[in-house]
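Novice: 3D, please:
(chains A and B, ligands or ions: 2)
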Amino acid sequence: MFFALIESSRSALMSIFAHRLRSFLTTLGIIIGVASVIAVISVTQGMSAFIGETFASLGTNSLTIQSYTPFEDQMKGIRARLTPDDLELIERRADGIASITPILYANRSSQIKYGSQTAFSQIMGTTYAYQDVAQSYTQAGRFLAQSDNLTRRRIAVIGEDVRENLSLPENPINEYVEIGGEWFKIVGLLDSMGDIMGMSRDDIVLVPYATMVSLQGNQARTDIQIQLSLSESAELEDVTTQLSTLLRNAHNLGSDEDDDFRIQTAEQLMEEFNQIIGMVTVVIGGIVGISLLVGGIGIMNIMLVSVTERTREIGICKAIGAKRHHILMQFLIEALLLSLLGGLIGLATGFGLGTLIANTIPGFPPASIPFWAIALALGFSGFVGVLFGILPAAKAANLDPIDALRYE
Amino acid sequence: MALIQLQGITKYYEMGSQVVKALDGIDIEVLKNDYLAFIGSSGSGKSTMLNILGCLDKPTDGQYHLNGTNVENLDQNELSEIRNKEIGFIFQSFNLLPRANALGNVMQPLIYRNIGLKQRKQVAMEALERVGLGDRTDHLPNQLSGGQRQRVAIARALVTHPSILLADEPTGNLDSRTTIEIMQLFDELHAEGHTLIVVTHEDEIAQHCQRIVEMKDGKIFNDQVVEKGTAELTS
Ligand SMILES: Nc1ncnc2c1ncn2[C@@H]1O[C@H](COP(=O)(O)OP(=O)(O)O)[C@@H](O)[C@H]1O
Ligand SMILES: [Mg+2]
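Specialist: Ligands and ions are numbered 1, 2, ... in the order given. Sure thing, here's the model as predicted:
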């Protein structure tokens, strides 16, 4: 049996290489299928490994609360809001909170100017507590102080990217920038935080919360975010339920109404991300399944042609002593090797493609293929080869020797 | 005991409403080291006869004993094994594998005997040298002349040391000079103790043999032993 296997592989390889171009075209379906799945897997794997690391560094003990409006309500013009009152309520009533800070995003223009330079950045109003909650510290100057908020000072703490984008000097402290038509003095430069998913975390401008509120004018529509970090002894679960109850009461939500806010943890964000990646993988899996099916049919088709072409050869082999299993094995192995070769080429192409994608998008994590993906790709293409090789191989093996010899 | 024993062998083909009797009641015995020619006009049943002797085809009726084995009840795989062990085929159109070189073609039957590559090469080389093609082993069939191709086919038939060599019009596609060479090779093989059965419609070929069986309409018409050396091949 083993002997027959080696001999069949030998002659199968010979006939594959005898028809190089045809073999390549035959396996194109398999190549494309495997290449696309490997490209996607290598990219998403690199991504999720990276996301895991990033979120771990964000800390699991911080929470973000923001308002949430269902799509139907948005269409009706209703907007859920999180207000400074909510913040005050939580500050007064909730337990287990180490630091808490409001965040108010600039709602009109997020344009910032320095001299003749203009840049767009994420401008947010927040308090000194942001430092603890977001683990964000200054490398030069100082952070926002409590007094800045009370006196609504026009000062800003900026990220490294903002400094670069505006061509500010190496030490930007005491320089003035223009935000929303007002002048702000830079008092601090943040430590570089790197980026997540190609999005920089250094492209931010922090101003005192009260200053931002006064800039925005229309107080009735203020919708803030609340970020908080938990004290060491507090359980995430407990705090989340407590916050939820407090906010539901404050917003007068009946028991049949949904929350009009979302409490998010870093972990949840990660899970959501992984869910998206999982969905992408499933969809791609479906596409790949179809293309492997098409590839398999291609192989079956060419194998049937090949059997017909080689009818006389099969007759000769039978005349000089080939048994059914010799012929069956030869064609089956040819189909198997064809699709495995396709799988291998697909693997290499897919990884190349993944690397290319990862390298073209700046800040994107490097592509990586896990071992299971290689095993899956090769296993699947081998399976397709055998599945679609059986019919032609059986047809060849069952040929009557005398009929096959007479075949013109 | 006879190497080959046929009793009441018939082979009928149904062509629409009429039946073609390719073989119509054949009784014959072939002994070891016989050198036998089937002659007869085209359509007289010679090839059908040879295919049945070679276990490529099955008779409609009758009994065939090869080396004492009744081949009637054997299935396709067992027949393959018999062909591999007992029979060496030589065809008019050579029937070489087009994508394998001379050595590869001669090695092919040994694959079905599970003989390893090294020994296959050695045995096949010997067979090729026996037919005088020791220097053409890596030529593909289409790089060889007709006579050389037929020599490769003869080497392939010899390499398994079969009980019988069966040749269907072996010189039908060859010129007269090559024909003489091939027939001389057959004479030598006979002298070495091989059993040869040759189908031909040329008297000159038949004259090389020691026994001439004439066929007509699927029946044996005449079966005679000739003195060796009485006939000379004219070229
Ligand atoms: N596969 C077949 N189907 C129908 N008739 C056949 C077949 N093979 C041979 N015959 C018929 O059997 C007869 C003997 O053929 P064959 O043995 O090839 O003759 P020969 O080799 O002596 O020329 C012929 O009449 C031929 O037409
Ligand atoms: Mg004939």
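
Novice: Is it correct that B:Gln76 is in contact with A:Arg324?
Specialist: Yes: with contact defined as C-beta atoms under 8 Å, B:Gln76 reaches A:Arg324; the gap is 6.4 Å. Using the backbone N, CA and C atoms, a C-beta is placed for each residue, glycine as well.

Novice: and residue 51, how many neighbours?
Specialist: No chain was given, so I picked chain A. By the criterion of other C-beta atoms under 10 Å in any protein chain shown, A:Ile51 has 19 neighbours.

Novice: that's the wrong chain, I wanted chain B
Specialist: For B:Asn51, using other C-beta under 10 Å, the count is 25.

Novice: helices or strands up against the lowest-mean-pLDDT helix or strand in chain B?
Specialist: Lowest mean confidence among the helices and strands of chain B (mean pLDDT, DSSP states H and E): helix B:203-206, at a mean of 90. Packed against helix B:203-206 by the contact rule (3 or more C-beta pairs under 8 Å, 6 or more residues apart in numbering or on different chains; DSSP states H and E) you find strand B:35-39.

Novice: Mind giving me the packing neighbours of the strand it packs on?
Specialist: Looks like strand B:35-39 contacts helix B:46-53, strand B:195-199, helix B:203-206, strand B:211-216 (3+ C-beta pairs under 8 Å, 6+ apart).

Novice: now those in JSON lines, with distance to A:Glu272?
Specialist: Putting the helices and strands packed on strand B:35-39 into JSON lines (distance: least, C-beta to C-beta, whole Å) gives the following:
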{"stretch": "helix B:46-53", "distance to A:Glu272": "74"}
{"stretch": "strand B:195-199", "distance to A:Glu272": "81"}
{"stretch": "helix B:203-206", "distance to A:Glu272": "87"}
{"stretch": "strand B:211-216", "distance to A:Glu272": "87"}
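
Novice: coming back round to it: now look at the least confident helix or strand of chain B and say if it contacts ligand 1.
Specialist: No: contact of helix B:203-206 with ligand 1 (C-beta under 6 Å from any ligand atom) is absent, the minimum separation being 13.5 Å.

Novice: where does chain B have low pLDDT?
Specialist: B:228-235 (pLDDT under 70).

Novice: Output the set of residues of it in proximity to ligand 1.
Specialist: Contact residues (C-beta under 6 Å from any ligand atom) of chain B with ligand 1: B:13, B:15, B:20, B:22, B:40, B:42-48.

Novice: what helix or strand is the residue of the stretch 151-300 of chain A found nearest chain B on?
Specialist: Nearest residue of the stretch 151-300 of chain A to chain B (C-beta to the nearest C-beta) works out as A:Ile299 at 20.0 Å. In the assignment (DSSP states H and E), A:Ile299 maps to helix A:266-309.

Novice: A:Arg93 is nearest to which of the helices and strands packed on strand B:35-39?
Specialist: Among the helices and strands packed on strand B:35-39, helix B:46-53 comes nearest to A:Arg93, with 100.7 Å by C-beta to C-beta.

Novice: Remind me what the closest one packs against, helices and strands.
Specialist: So helix B:46-53, by 3+ C-beta pairs under 8 Å, 6+ apart, packs with strand B:4-15, strand B:18-30, strand B:35-39, strand B:164-168, strand B:195-199.

Novice: Distance from the chain centre to the second one, please.
Specialist: Read it as strand B:18-30. Remark: strand B:18-30 is offset 18 Å from the chain centroid, using C-alpha atoms, centre = their mean, to the nearest Å.

Novice: Just want the angle from it to strand B:35-39.
Specialist: Between the axes of strand B:18-30 and strand B:35-39, defined by axes from the mean of the first three to the mean of the last three C-alpha atoms, to 10 degrees, the angle is 160 degrees.

Novice: can you pull the buried residues of strand B:18-30?
Specialist: Neighbour counts over strand B:18-30 (16 or more other C-beta atoms under 10 Å in any protein chain shown) mark B:21-24, B:26, B:28, B:30 as buried.

Novice: near chain A, anything from it?
Specialist: No: applying C-beta under 8 Å from any C-beta of the partner chain, one finds strand B:18-30 separated from chain A by no less than 12.0 Å.

Novice: Name the residues of chain B found near chain A, please.
Specialist: B:51, B:54, B:56-57, B:76-77, B:80-81, B:83-85, B:89, B:91, B:95-100, B:108-109, B:111-114, B:116, B:156, B:160.

Novice: Can you tell me which of those residues are buried?
Specialist: B:51, B:54, B:56-57, B:80-81, B:83-85, B:89, B:91, B:95-97, B:99-100, B:108-109, B:111-112, B:156, B:160.

Novice: Where helices are concerned, which of the residues you listed count?
Specialist: Among those, the members found in helices (DSSP state H) are B:51, B:80-81, B:83-85, B:108-109, B:111, B:156.

Novice: how about the closest residue to B:Val19 other than its chain neighbours, what does it touch?
Specialist: Spatially, and ignoring its direct neighbours in sequence, B:Val19 is nearest to B:Tyr12 (5.2 Å; C-beta to C-beta, 6 or more residues apart in numbering or on different chains). Going by C-beta atoms under 8 Å, 6 or more residues apart in numbering or on different chains, B:Tyr12 touches B:19-22, B:60.

Novice: The residues you listed: which two are farthest apart?
Specialist: B:Val20 and B:Thr60 (11.0 Å).

Novice: what's the helix of greatest length in chain B in contact with?
Specialist: Taking DSSP H as the criterion, chain B has its longest helix at helix B:176-191. Contact partners of helix B:176-191, identified using C-beta under 8 Å, 6+ apart, comprise B:33, B:35, B:131, B:145-147, B:150-151, B:154, B:158, B:165, B:167, B:170-171, B:174, B:196, B:198, B:205, B:208, B:210, B:233, B:235.

Novice: For the helix or strand encompassing A:Ile374, buried residues please.
Specialist: Assigned by DSSP H and E, A:Ile374 belongs to helix A:371-397. By 16+ other C-beta under 10 Å, the buried positions in helix A:371-397 come out as A:373-374, A:376-378, A:380-382, A:384-390, A:392-393, A:395-397.

Novice: can you check stretch A:349-356 too?
Specialist: So for stretch A:349-356, counting by 16+ other C-beta under 10 Å, buried means A:349-351, A:353-355.

Novice: ditto for stretch A:179-196
Specialist: By 16+ other C-beta under 10 Å, the buried positions in stretch A:179-196 come out as A:179-180, A:184, A:186-190, A:193, A:195-196.

Novice: next one: stretch A:240-248
Specialist: A:240, A:242-243, A:246-248.

Novice: Can you get me a residue count around B:Ala191?
Specialist: Neighbours of B:Ala191 (other C-beta under 10 Å): 10.

Novice: what does the one 4 residues further on give?
Specialist: The local packing of B:Thr195 (other C-beta under 10 Å) involves 21 other residues.

Novice: do the same with A:Leu340
Specialist: For A:Leu340, using other C-beta under 10 Å, the count is 19.

Novice: Tell me if I'm right that it and A:Val384 touch.
Specialist: No: using C-beta under 8 Å, A:Leu340 is not in contact with A:Val384; the gap is 9.7 Å.

Novice: which residues sit in contact with the closest residue to A:Val177 other than its chain neighbours?
Specialist: Spatially, and ignoring its direct neighbours in sequence, A:Val177 is nearest to A:Tyr114 (4.8 Å; C-beta to C-beta, 6+ apart). Residues near A:Tyr114 by C-beta under 8 Å, 6+ apart: A:166-168, A:175-178.
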